[in-house]
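1. would you be able to build a 3D model of this:
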Amino acid sequence: MDGGDDGNLIIKKRFVSEAELDERRKRRQEEWEKVRKPEDPEECPEEVYDPRSLYERLQEQKDRKQQEYEEQFKFKNMVRGLDEDETNFLDEVSRQQELIEKQRREEELKELKEYRNNLKKVGISQENKKEVEKKLTVKP
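-> Take a look at the predicted model:
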């Protein structure tokens, strides 16, 4: 008969009475009152029961974190190199800029030569010429 009593004891431990449930709700409500803010509801929200196994819940958290990680580095993976047409275009633009710069320098040198020739024709003395050239030298 002792074996039967042990069985009842195990069954009693698994069984939760309505009084015990009420006691737990009261304790939870008291704790809720301590931490409740004015905008929160008066009654303590019920605990959400999740019937899934622990493995499934942890797997879901792991998948969610993996998705966040992939989303964070998604844009870094989208960067691609330049194709041949783009590089040709950029090369052409840089060549044109070099030509424009070269033409500008040639024009400046031409104007300086004309100025010096005009100074020779007018006959300004060497001392005055050096002073004027110092003032007019082009700084790159």
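2. residue ranges for the helices of the protein, please.
-> Using DSSP state H, the helices assigned to the chain run over residues 2-14, 18-35, 54-72, 74-77, 84-122, 126-136.
3. possible to save these as CSV with mean neighbour count?
-> C-betas here are computed from N, CA, C, even on glycine. Compiled in CSV, the helices of the chain are given as follows (neighbours: other Cβ atoms under 10 Å):
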stretch, mean neighbour count
helix 2-14, 8
helix 18-35, 11
helix 54-72, 10
helix 74-77, 8
helix 84-122, 10
helix 126-136, 10
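4. pop the domain breakdown of this protein in here.
-> Structural domains assigned to the chain are 16-49, 52-80, 84-124, following the TED database.
5. in JSON lines: those, plus mean pLDDT.
-> Formatted as JSON lines, the domains of the chain follow (pLDDT from 0 to 100):
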{"stretch": "domain 16-49", "mean pLDDT": "80"}
{"stretch": "domain 52-80", "mean pLDDT": "87"}
{"stretch": "domain 84-124", "mean pLDDT": "91"}
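6. can you list the helices of the chain in CSV and add distance to residue 44?
-> Supplementary listing: the helices of the chain in CSV, determined by distance: least, Cβ to Cβ, whole Å:
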stretch, distance to residue 44
helix 2-14, 25
helix 18-35, 4
helix 54-72, 23
helix 74-77, 40
helix 84-122, 62
helix 126-136, 88
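7. would you mind saying which of those lies nearest residue 47?
-> In this view, the helices of the chain are compared for proximity to residue 47 by Cβ to Cβ, and helix 18-35 is the closest at 8.1 Å.
8. which residues sit against the closest one?
-> The list of residues contacting helix 18-35 from outside it, by Cβ atoms under 8 Å, 6 or more residues apart in numbering, reads 43, 44.
9. quick one: distance of that helix to the chain centre.
-> The chain centre lies 45 Å from the centre of helix 18-35; the measure is Cα atoms, centre = their mean, to the nearest Å.
10. pull it out as PDB, backbone CA atoms only.
-> The C-alpha coordinates for helix 18-35 follow below in PDB (Å, rounded to 0.1, in the frame of the first residue of the first chain):
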ATOM      1  CA  GLU A  18      -7.400  26.900  -8.100                       C
ATOM      2  CA  ALA A  19      -6.400  28.300  -4.700                       C
ATOM      3  CA  GLU A  20      -2.800  28.000  -5.600                       C
ATOM      4  CA  LEU A  21      -3.400  29.700  -9.000                       C
ATOM      5  CA  ASP A  22      -5.300  32.500  -7.200                       C
ATOM      6  CA  GLU A  23      -2.400  32.900  -4.800                       C
ATOM      7  CA  ARG A  24       0.100  33.200  -7.600                       C
ATOM      8  CA  ARG A  25      -2.100  35.800  -9.400                       C
ATOM      9  CA  LYS A  26      -2.300  37.900  -6.200                       C
ATOM     10  CA  ARG A  27       1.500  37.800  -5.800                       C
ATOM     11  CA  ARG A  28       2.000  38.700  -9.400                       C
ATOM     12  CA  GLN A  29      -0.600  41.600  -9.100                       C
ATOM     13  CA  GLU A  30       1.200  42.900  -5.900                       C
ATOM     14  CA  GLU A  31       4.600  42.900  -7.800                       C
ATOM     15  CA  TRP A  32       2.900  44.500 -10.700                       C
ATOM     16  CA  GLU A  33       1.600  47.300  -8.500                       C
ATOM     17  CA  LYS A  34       5.100  48.000  -7.200                       C
ATOM     18  CA  VAL A  35       6.500  48.500 -10.700                       C
END
